[in-house]
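**Student:** sequence-free structure coming up:
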């Protein structure tokens, strides 16, 4: 059995950022992802003739390092500025609907940058990791029964899932279980045509929705597609509800905001993000277990946000580069 220098678990922002940096060092690595493609929560679903960014909606660049990287993506046509007309329903702080930072989106879908990062890497999609153990090197077991060995691991699963993979006796397990992650239900709705409601996106503080957006208002998108995210309390209360029932209830709320009347969508579905974001993220960059050459990375390590996930992946790569 050949041994990898590094196995990266997860093909989201942190995992692919780390993988790109480590691959540039000439290290032999593979990226394992349970999904059908890259993206994680920076996902784009194409279904029913429509395109939906049903996870991360946009991102900002605040640090000079990430801003330089974003400029490179803009130059390559992977990222564009999004300037939506934003409305607020209900009470909200005066500055909540505006942002001092540019709102950035990948084009033509939120997973476009990650698809670019994945190209040229040994990415293995549809590969679910079910266990991992350290005995001088790492053995990672897939649900297919295949076992892979590596000198080092970058683990980017949500903290509770990472703790399950590492086991209760691992030194980081207890700390991982103390990082709270919150759910979000996402609604995806496509219309044949729709009157202009007078806004492209809205914060909602008067019902089950927290955010609604005309996905087709973003650069590179087409067709009349809307995405809505339920608020935290509603998502918690309905976490285990049937998906079709959730879609029906959230569509009623969206219909009120868009004044749909009797107009019905051509396509409607819901998606549950069980681990959407942390309500109390760490501020550590990445978690590092040097004696096992193990780095844990994710936005939950670095204050949420896409920029935090990118930074966390970079720091994980730096830690491993120093010991490999």
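**Tutor:** Thanks, I have it. Small disclaimer: the values here were computed from a predicted structure and weren't measured.

**Student:** spatially nearest residue to the spatially most central residue of the chain (excluding sequence neighbours)?
**Tutor:** Most central in the chain under CA atoms, centre = their mean is residue 41, positioned 2.2 Å from the mean C-alpha point. Nearest non-adjacent residue to residue 41, counting by CB to CB, 6 or more residues apart in numbering: residue 55, 3.9 Å away. Just so you know, the C-beta spots here come from the backbone N, C-alpha and C atoms, and that holds for glycine as well.

**Student:** roughly how far does the one you found sit from residue 106?
**Tutor:** Applying CB to CB, to the nearest Å, the value for residue 55 to residue 106 is 12 Å.

**Student:** of those two, who's got more company?
**Tutor:** Neighbours per residue, other CB atoms under 10 Å: of residue 55 and residue 106, the larger number sits with residue 106, 27 against 22.

**Student:** quick one: low-confidence ranges for the stretch 201-324 of the chain?
**Tutor:** Within the stretch 201-324 of the chain, not a single segment meets pLDDT under 70.

**Student:** that one: strands as residue ranges?
**Tutor:** Taking DSSP state E, counting those that start in this stretch as the criterion, the stretch 201-324 of the chain contains strands spanning 201-204, 209-214, 224-230, 267-278, 287-289, 294-296.

**Student:** could you dump the ones you listed to CSV with distance to residue 118 and mean neighbour count?
**Tutor:** Below are the strands of the stretch 201-324 of the chain laid out as CSV (distance: least, CB to CB, whole Å; neighbours: other CB atoms under 10 Å):
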stretch, distance to residue 118, mean neighbour count
strand 201-204, 28, 22
strand 209-214, 26, 21
strand 224-230, 23, 24
strand 267-278, 21, 19
strand 287-289, 24, 20
strand 294-296, 19, 27
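
**Student:** using TSV, lay out these together with distance to residue 20.
**Tutor:** As requested, those are exported to TSV (distance: least, CB to CB, whole Å):
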stretch	distance to residue 20
strand 201-204	31
strand 209-214	29
strand 224-230	28
strand 267-278	23
strand 287-289	19
strand 294-296	15
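
**Student:** figure out which of the ones you listed is closest to residue 310.
**Tutor:** strand 294-296 (14.5 Å; CB to CB).

**Student:** against which helices or strands is the closest one packed?
**Tutor:** strand 147-155, strand 287-289, helix 305-321 (3 or more CB pairs under 8 Å, 6 or more residues apart in numbering; DSSP states H and E).

**Student:** how distant is that strand from the center of its chain?
**Tutor:** Chain-centre distance of strand 294-296: 19 Å, with CA atoms, centre = their mean, to the nearest Å.

**Student:** show residues contacting that strand.
**Tutor:** 18, 134, 138, 152-156, 159, 162, 172, 176, 286-289, 315-317, 319-320 (CB atoms under 8 Å, 6 or more residues apart in numbering).

**Student:** what's the closest non-adjacent residue to residue 275?
**Tutor:** residue 158 (3.8 Å).

**Student:** okay, residue 208 and residue 227: tell me how far apart.
**Tutor:** Distance from residue 208 to residue 227, by CB to CB: 15 Å.

**Student:** thinking the residue nearest to residue 41 is in contact with residue 13, fair?
**Tutor:** No. Assessed by CB atoms under 8 Å, residue 55 is found out of contact with residue 13, at 11.0 Å.
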